[in-house]
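> Here you go, sequence then predicted model.
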Amino acid sequence: MPAVSKGDGMRGLAVFISDIRNCKSKEAEIKRINKELANIRSKFKGDRALDGYSKKKYVCKLLFIFLLGHDIDFGHMEAVNLLSSNRYTEKQIGYLFISVLVNSNSELIRLINNAIKNDLASRNPTFMGLALHCIANVGSREMAEAFAGEIPKILVAGDTMDSVKQSAALCLLRLYRTSPDLVPMGDWTSRVVHLLNDQHLGVVTAATSLITTLAQKNPEEFKTSVSLAVSRLSRIVTSASTDLQDYTYYFVPAPWLSVKLLRLLQCYPPPDPAVRGRLTECLEAILNKAQEPPKSKKVQHSNAKNAVLFEAISLVIHHDSEPNLLVRACNQLGQFLQHRETNLRYLALESMCTLASSEFSHEAVKTHIETVINALKTERDVSVRQRAVDLLYAMCDRSNAQQIVAEMLSYLETADYSIREEIVLKVAILAEKYAVDYTWYVDTILNLIRVAGDYVSEEVWYRVTQIVINRDDAQGYAAKTVFEALQAPACHENLVKVGGYILGEFGNLIAGDPRSSPLTQFHLLHSKFHLCSVPTRALLLSTYIKFVNLFPEVKGTIQDVLRSDSQLKNADVELQQRAVEYLRLSTVASTDILATVLEEMPPFPERESSILAKLKKKKGPSTVTDLEEAKRERSADVNGGPEPAPASTSTVSTPSPSADLLGLGAAHPVPAGPPPSSGGLLVDVFSDSPSAVAPLAPGSEDNFARFVCKNNGVLFENQLLQIGLKSEFRQNLGRMFIFYGNKTSTQFLNFTPTLICSDDLQANLSLQTKPVDPTVDGGAQVQQAVNIECVSDFTEAPVLNIQFRYGGTFQNVSVKLPITLNKFFQPTEMASQDFFQRWKQLSNPQQEVQSIFKAKHPMDTEVTKAKIIGFGSALLEEVDPNPANFVGAGIIHTRTAQIGCLLRLEPNLQAQMYRLTLRTSRETVSQRLCELLSEQF
């Protein structure tokens with residue numbers, strides 16, 4: 001930048017600012033400003049032409065007055081005239097005035113654009129920099145139309161100076177963010193990627209910001225940036241702080257650039273093996289550096305170091321493909337859980353919530369449960385406590401559910417009011433999801449109502465009554481428990497609702513005990529009647545008429561209550577109508593009619609739980625990261641029983657991840673639309689004439705392979721859409737929830753997902769879908785349920801085609817849906833003798849398939865075990881004479897047959913090879929399972 005001479009000090013401006021500061025009142029200030037404005041106006045309108053210095057000085061005064069909050073309605077033309085000056089300081093003030101005061105609708109825009117074009121064409125780096133800064137600061141659509149095609153040429157030109165390249169990259173980024181449709185993609189895109197190899201790190205930093213934003217919408221255009229970003233990151237990570245002196249911040253080499261490169265890599269799936277190896281080395285180096293003693297005690301050093309570390313962990317979580325890195329990241333975050341810096345504790349808890357969703361790191365996250373519980377009890381910052389609750393919720397599974405629910409209930413008594421409702425919903429979800437013993441579930445929900453009844457929403461008590469109605473083994477215990485709970489002097493109204501409903505249905509189960517005789521039950525409920533709101537009183541009146549049917553001996557007592565003036569002449573029309581109708585029903589109806597009208601509620605049909613939908617609504621609009629909440633279930637038998645868990649009484653139609661995947665053993669699912677057409681397409685319940693199906697999206701096959709051994713995660717992601725899955729299978733039935741996340745701020749219109757099957761697949765695999773809303777709001781997420789039945793063994797996979805309109809543009813995406821034969825595997829435990837006896841029985845050549853293949857991933861024993869279990873078979877310990885071998889057994893369930901399967905995996909560490917042998921009673925099954933499993937190692 002040129003040096004500023006003494007003459008540029010503008011003494012008149014300094015005097016004016018001093019006068020303003022010395023004003024004793026607002027009136028004095030306004031008077032001085034008005035005087036100055038009159039002087040400036042006379043100067044501009046005077047006959048004598050002003051020189052550049054005077055124009056600059058007066059324009060500066062106008063700018064200062066504007067910044068004080070006063071309107072400026074003249075001087076714009078003089079500022080534009082300053083742009084034509086060849087003096088840096090005059091041109092600088094002209095651009096500054098325009099950037100601050102000129103709006104995009106000004107009549108002067110054309111003159112300003114001409115001046116900017118002249119400066120961009122001048123090849124003077126200082127003037128070019130001023131012009132680019134002005135374009136970026138104004139950032140209007142008119143500016144984008146005028147310069148969006150010119151700036152990329154400046155950016156990739158060979159003779160452009162580094163400082164101008166930086167400005168050009170950031171200017172183009174600003175225009176793309178305001179008017180993405182006006183920035184053309186062209187030959188320059190491949191050249192701008194190579195700026196990642198530029199020697200000037202400032203250019204690399206600016207280019208990385210630009211490429212990251214462009215790659216989110218145009219990933220194919222910039223996919224070559226992955227290898228270059230890994231290469232540049234590797235050079236930074238392996239360099240010493242002295243190697244990059246100009247870009248080293250408190251002994252951390254180029255932390256801002258490192259963070260930007262790691263964010264760029266999160267726009268893409270894991271790279272090719274060669275590049276992935278180098279990236280893994282970089283990430284390991286970053287994790288290793290986090291363990292080193294700090295090189296400085298200053299907070300800036302730790303902030304820079306941790307910024308790189310947390311972004312590296314985010315990349316590890318995004319890829320979700322390196323078990324060792326995921327576990328190391330979890331252990332590193334675990335060290336931060338007890339750090340004295342509050343922000344680090346918060347970030348560690350937040351990151352571990354996401355790690356808990358990976359099958360590779362879930363167990364590692366669980367090891368920190370005591371630390372997280374301690375944080376819940378002792379943390380002073382409410383936001384950190386809330387993240388601790390989130391992490392406990394995310395790490396919960398069948399092994400620790402009772403401990404976590406107990407701790408959350410204990411914390412609920414002292415929790416901040418702002419998060420109590422959210423904790424109540426989470427406790428209700430966990431209690432239902434992991435309830436092996438339904439007596440524990442009933443106790444938990446009643447305790448929840450006792451501790452935080454005001455925060456228990458209707459969805460929660462609806463759900464508990466529904467579950468009790470659908471579970472014969474819980475009804476007697478529930479009636480006894482609510483009866484005892486209602487004996488407390490002060491009961492929350494929600495407890496009265498639950499008690500009234502359950503006793504009205506199942507009070508007869510405890511009526512044999514003199515302590516809970518029918519009359520005692522009635523008096524207990526009626527003692528709460530006058531303290532309740534109208535809806536609860538209405539429910540209790542319904543309970544009373546139920547008692548008339550259950551207990552004829554209390555009929556007279558109840559009729560007296562219904563006949564009282566307080567009921568028949570009640571001011572509330574609902575209570576009055578119920579009292580009149582119930583009294584009449586109890587009087588005129590015969591015993592048989594009464595028994596028919598008031599018979600016990602039948603089991604509720606299968607519907608999705610609305611509690612999780614309530615939780616998501618409480619948390620706000622779903623983001624992309626919400627998809628990661630769908631974590632892997634550790635057991636196929638959800639809720640510990642073969643019966644389907646009950647469904648919600650709510651009529652919410654949006655499927656939820658906590659839905660009764662439990663209902664898989666129920667009746668066959670009902671199709672959601674008309675029957676399939678003859679064209680080999682599964683029914684499209686959304687459109688009569690779908691558009692042509694797009695080819696499979698890039699990376700679809702890789703993502704498909706990742707889901708062979710897991711059920712939950714992100715299946716597909718581009719700059720617009722993210723597709724996540726949560727699925728569960730039991731015997732030959734399954735249910736899958738597909739999450740469609742809108743990553744943009746613009747609505748998706750005519751959103752139409754369709755499942756496509758070949759004729760052969762359609763004969764062997766039955767799929768029924770539920771429709772989704774054709775409009776997906778920006779930043780929102782919709783869910784679609786798919787009911788699955790395996791009719792016979794199959795080899796192909798269905799294709800999910802999504803068509804929608806975004807900003808007027810038709811979008812068409814196709815991905816393979818990971819429904820594979822091994823999903824219907826049920827593990828079978830076998831002793832060594834039984835295994836080898838069965839192994840010999842399956843000795844026909846057509847029953848065995850063997851594959852010898854090179855290891856594609858590090859040969860880690862624990863990872864191999866996890867993949868075999870995730871594949872669906874039981875892992876049999878101490879069966880094979882060679883302890884290094886892995887042996888598994890299971891049964892493939894279809895509607896037509898059950899196919900026993902035995903597998904043996906023999907690793908050769910020296911040769912880095914595997915031999916996989918599969919024996920089943922059906923050749924096609926052996927072949928398909930061998931193909932699927934061999935791809936995992």
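Great, that's in hand.

> Any stretches of the protein with poor pLDDT?
Residue ranges of the chain with pLDDT under 70: 1-9, 47, 104-106, 240-243, 605-693.

> what about 50?
Applying pLDDT under 50 to the chain flags residues 1-7, 621-691.

> if you go through the stretch 151-300 of the chain in chain order, where are the helices?
151-156, 162-178, 188-193, 201-217, 225-238, 255-265, 273-291, 299-319 (DSSP state H, counting those that start in this stretch).

> what comes up buried for the longest one?
If you call a residue buried by 16 or more other Cβ atoms under 10 Å, then helix 299-319 has these buried ones: 301-319. C-beta: built from backbone N, CA, C; applies to glycine.

> tell me which strands and helices that helix is in contact with?
Applying 3 or more Cβ pairs under 8 Å, 6 or more residues apart in numbering; DSSP states H and E, one finds that helix 299-319 makes contact with strand 252-253, helix 255-265, helix 273-291, helix 323-336, helix 342-355.

> Distance to residue 125 and mean neighbour count for these - can I get that in CSV?
Putting these into CSV (distance: least, Cβ to Cβ, whole Å; neighbours: other Cβ atoms under 10 Å) gives the following:
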stretch, distance to residue 125, mean neighbour count
strand 252-253, 27, 24
helix 255-265, 22, 23
helix 273-291, 34, 16
helix 323-336, 43, 21
helix 342-355, 40, 22
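
> who wins for proximity to residue 83 among these?
Smallest distance to residue 83 across the helices and strands packed on helix 299-319 (Cβ to Cβ): 32.5 Å, for helix 255-265.

> what distance separates that closest one from the centre of its chain?
22 Å (Cα atoms, centre = their mean, to the nearest Å).

> Please find the angle between the direction vectors of that helix and helix 201-217.
Orientation check (axes from the mean of the first three to the mean of the last three Cα atoms, to 10 degrees): helix 255-265 against helix 201-217 gives 20 degrees.

> just checking, what packs against helix 255-265?
Contacts defined by 3+ Cβ pairs under 8 Å, 6+ apart place helix 255-265 against helix 201-217, helix 225-238, helix 299-319.

> Recalculate using a threshold of 10 Å.
Contacts defined by 3 or more Cβ pairs under 10 Å, 6 or more residues apart in numbering; DSSP states H and E place helix 255-265 against helix 201-217, helix 225-238, strand 248-249, helix 273-291, helix 299-319.

> follow-up on the earlier one: mind putting the helices of the stretch 151-300 of the chain into TSV with distance to residue 24?
Putting the helices of the stretch 151-300 of the chain into TSV (distance: least, Cβ to Cβ, whole Å) gives the following:
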stretch	distance to residue 24
helix 151-156	50
helix 162-178	43
helix 188-193	57
helix 201-217	47
helix 225-238	56
helix 255-265	46
helix 273-291	57
helix 299-319	42
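
> Nearest to residue 861, out of those?
Checking the helices of the stretch 151-300 of the chain against residue 861 by Cβ to Cβ gives helix 273-291 as the closest, at 18.9 Å.

> Let me know the helix or strand that residue 829 is in.
Using DSSP states H and E, residue 829 sits in no helix or strand.

> how much space between the closest residue to residue 347 other than its chain neighbours and residue 747?
Once flanking residues are discounted, residue 347 sits nearest to residue 310: 5.7 Å by Cβ to Cβ, 6 or more residues apart in numbering. Residue 310 sits at a distance of 33 Å from residue 747 (criterion: Cβ to Cβ, to the nearest Å).

> ditto for residue 67
Distance of residue 67 to residue 747, given as Cβ to Cβ: 39 Å.

> who has more neighbours, these two?
residue 747 (16 against 11; other Cβ atoms under 10 Å).

> Now that one. Its backbone dihedrals?
For residue 747, the backbone dihedrals (degrees, to the nearest 10) come out as phi -60, psi 150.

> and it, what is it in contact with?
For residue 747, the contacting residues are 775-778, 780, 804-807, by Cβ atoms under 10 Å, 6 or more residues apart in numbering.
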